[in-house]
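K.L.:
Next comes the sequence, and after it the predicted model I'd like to discuss.
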Amino acid sequence: MKRSEINRILRDAEAFIREHGFHLPPFAYWTPDDWQRQAPEAREIVERRLGWDVTDFGSGDYARCGLFLFTLRNGDLARLSTGRGKLYAEKLLVVDVDQVTPPHFHFTKTEDIINRGGDRLVIQVYNSTPDEGLADTPVTVQVDGQARTVPAGGALSLLPGESITVPDHLYHAFCGADARVLVGEVSLVNDDFTDNRFYEPLGRFPAIVEDEPPLYHLVGDYSAWARSTD
């Protein structure tokens, strides 16, 4: 993806988020100079990969296969086994009409996907097989505490305010139905490096062509920034 395209997506998503009365934390708007000044205090932001995230999953077509995310909080993966401390995560997503987040599951993470506003969010679900394929069995999920069962590959439609609990090893894909959707995600600790299993091999983070300066640092930029401050 070109940095200019990413910057446009960030501006557009930021405006949409504001329209819905949601406020991002101050670090969302740090300039490169701010990052340099805040380096000693920014360790958790960097290590937990909080902040802006844009991906086209390697498709080259963000409008059809892509996702905007902002990670608001994320716990410590190393503490999961202790059962103590910050073991949760929260994200904000912007999902466009017919913009698909491809089928995937998480090995560990259970998450609630919440329609925070906009239009309907459509979620397709499959059980997974022991060899990580798509099962042909009916799927039962909890939608706001109520059991809902759909056929394999069936879709559920969430209106603003509704949510679905997605357990580990449940394949799910989603897109906006008729208009853009603001989506929340509340989950166990998030780990984008080892906990995602896409049904088709995909790239989680885009290769970026630097055709203009970044508007804001993406989580994928943190490694290079951290090296520059060492």
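P.N.:
Now that the structure is in, tell me what you want to look at.

K.L.:
ranges for the strands of the chain?
P.N.:
In the chain, strands defined by DSSP state E lie at 51-55, 67-74, 88-95, 101-106, 111-118, 121-127, 139-143, 146-150, 155-158, 163-166, 170-176, 181-188, 196-198, listed in chain order.

K.L.:
Just give me the residue closest to the centre of this structure.
P.N.:
Nearest residue to the geometric centre of the chain (CA atoms, centre = their mean): residue 69, 4.7 Å.

K.L.:
which residues does that one contact?
P.N.:
If a contact means CB atoms under 8 Å, 6 or more residues apart in numbering, then residue 69 has 52, 53, 54, 55, 91, 92, 93 as its contacts. Every residue, glycine included, has its C-beta placed from N, CA and C.

K.L.:
again, only this time at 6 Å
P.N.:
For residue 69, the contacting residues are 53, 91, 93, by CB atoms under 6 Å, 6 or more residues apart in numbering.

K.L.:
Show me the beta-bridge partners of it.
P.N.:
Here residue 69 shows beta-bridge partners residue 53, residue 93, assigned using DSSP bridges.

K.L.:
State the distance from residue 101 to residue 129.
P.N.:
Taken as CB to CB, to the nearest Å, the spacing of residue 101 relative to residue 129 amounts to 21 Å.

K.L.:
out of these two, which sits in the more crowded spot?
P.N.:
residue 101 (20 against 13; other CB atoms under 10 Å).

K.L.:
I figured that one was touching residue 172, is that so?
P.N.:
No. Here residue 101 does not reach residue 172: they are 8.3 Å apart, not a contact under CB atoms under 6 Å.
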